[in-house]
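Student: fold the following for me, if possible:
(2 chains)
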Amino acid sequence: MFRTLLNKLSTVPSSCGFHTTACLNEVRLLTRLRVVDNSEIGKRAMAEGKPPKVICVYNKKGVGYIGDRVMVAIKGQKKKGILVGLKQTQKVKVPKFDSNNVVLIDDNGTPLGSRIHVPIPTILRTVLKERTHAKGADYTKLLAIATRFV
Amino acid sequence: MALAIRRTSDILCAARWLIRRDCRVLSTLPEKAEISQEVVVRRPAGRRPIANEAVLESRHIYPEFLPDPNPDWRNSLREKLERADMLKRRSQIDIPEFYVGSILAVTISDPHAQTKTTRFVGICIERKGCGLRAEFTLRNVVDHQGVEVRYDLYDPTIQKIQVLRLEKRLDEKLLYLRDALPEYSTFPFDMDPEILPEGTPVPINPVQVKLKPRPWLEKWERQELKGVSNIEEHLKGKDRIRRELRKTPWEKYDLMKQYRKTIPIEDQSEIWAEVHNQLQQLQLSRKKMARKRTFTAPKPQLG
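Tutor: Next up, the predicted model:
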């Protein structure tokens, strides 16, 4: 009986030698995102089951946070987008979503779609206002097509 | 004679031990417990400090008043100051009694929102932290998108906490709702509060959720969850074997582990002696205010 027990233990080590923690769910290179606006390319990519991949995060950390600009590879094209909802653990009072959401924009900050069909965190108002420069792109246009804020 | 006394004391000890095991957040200081074993033959009424049951019940209602049991993080002065601050905050805002599984509506003042306030409704899936760092997490599914918001209980930007449905669930944490079908965590934002008649115990909702197929966020099959119905459908043989190997059935007999996880009854009665009266007064004054409001505001008659 002792031997059977030993055999069992040897096949499945009772404690593995390394520490395992829950994954961070960070948005990094090659993370798959979910397009939540109704742009034609985004809708088709999601319907085909080929969600866009991050190929660049435009900040110095290399990890995308809420309101950050990313470049995605979607249906063989390069498009820019803004992260509007993250799976990662957030600060207090900032909502955490069940998926990593992105809204596609063009270089001027104009969204490609005309409607966002998921809730948008309110903190994005302030974040996007800070990112917008007078001469450069205007990202706050994205807020106008949102349907609901949480 | 001596033998008989010995035996009765043994039985008493066993009974007391069983009672102690049943309480979730209670334990006694070990050295005192040993003393009481000898004394108990002479005075079976008990040499334990008289702890009022009603006072000790508040450990379920106000769990954040108990400090973290880790001795490295204990500091009696800080704990005392924190309790005073918590009482001050509670005199400003009504923080109601709620549990994991209750449905809450939280209104915060939000500089980012257009109306400067945000209201979020959701089921409380986790409640943790001690003292001023106490926090809770609400979960809801809005427009087919799961959303979770974490709040600090003593955050000064919170304007109102309203309990829409006061109930408990079968488990201590409901993190498995993230992997469950979305209908189990969908609650309308315009829900009406359900009022329980006074004096009734908090109802336990025995609903069992259905999980989505794997992959899951955690290994739910190893956590002995009571609130999940279809966990066996998604398991393979290898998962069942590993679950058997990882089981720790001896832990419920580990008195020292339980002692380290809890605040002893002697410490608790000190804390409750300090804050219980003020908490009761706050609750009474709230009730009076609520009654006054209902009497003074008659319904406007139309037509």
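Student: what values do phi and psi take at residue 71?
Tutor: No chain was given, so I picked chain A. In terms of degrees, to the nearest 10, the main-chain angles of A:Met71 are phi -100, psi 130.
Student: and the one 3 residues further on, by the same measure?
Tutor: Reported as degrees, to the nearest 10, the phi and psi values for A:Ile74 are phi -130, psi 120.
Student: so how far is chain B from it?
Tutor: According to Cβ to the nearest Cβ, to the nearest Å, A:Ile74 stands 20 Å off from chain B. The C-beta positions use only the backbone N, C-alpha and C, and glycine is treated the same way.
Student: who's in contact with that residue?
Tutor: A:35, A:41-42, A:45, A:52-53, A:104 (Cβ atoms under 8 Å, 6 or more residues apart in numbering or on different chains).
Student: alpha carbons only: can I get stretch B:52-60 in CSV?
Tutor: C-alpha atoms of stretch B:52-60 as CSV (Å, rounded to 0.1, in the frame of the first residue of the first chain):
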residue,chain,number,x,y,z
ASN,B,52,-22.1,38.7,25.6
GLU,B,53,-23.3,36.7,22.6
ALA,B,54,-25.0,39.7,21.1
VAL,B,55,-21.7,41.7,21.4
LEU,B,56,-19.7,38.9,19.8
GLU,B,57,-22.2,38.7,17.0
SER,B,58,-21.0,42.0,15.7
ARG,B,59,-17.9,40.3,14.4
HIS,B,60,-20.0,39.2,11.5
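Student: could you pull out the buried residues of it?
Tutor: B:55-56, B:58-59 (16 or more other Cβ atoms under 10 Å in any protein chain shown).
Student: could I get the full set of helices for chain B?
Tutor: For chain B, applying DSSP state H gives helices covering B:2-22, B:30-39, B:53-61, B:76-92, B:237-246, B:255-261, B:265-296.
Student: by mean pLDDT, show me the worst of these.
Tutor: Among the helices of chain B, helix B:30-39 carries the lowest mean pLDDT, at a mean of 44.
Student: which residues are in contact with stretch A:116-123?
Tutor: So stretch A:116-123 is in contact with A:36-38, A:66-67, A:84-85, A:94-95, A:97, A:101, A:103, A:142-143, A:145-150, B:110, B:112-113, B:118, B:142-145, B:147, going by Cβ under 8 Å, 6+ apart.
Student: quick check: pLDDT value at residue 137.
Tutor: You didn't say which chain, so I picked chain A. With respect to pLDDT, A:Ala137 has a value of 84.
Student: meant chain B actually
Tutor: 97.
Student: mind putting the contacts of A:Ile74 into a markdown table with pLDDT?
Tutor: Listed next are these as a markdown table, based on pLDDT from 0 to 100:
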| residue | pLDDT |
| --- | --- |
| A:Val35 | 96 |
| A:Ile41 | 95 |
| A:Gly42 | 95 |
| A:Ala45 | 95 |
| A:Pro52 | 96 |
| A:Lys53 | 96 |
| A:Leu104 | 96 |
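Student: among those residues, name the ones in helices.
Tutor: Those of the contacts of A:Ile74 lying in helices (DSSP H): A:41-42, A:45.
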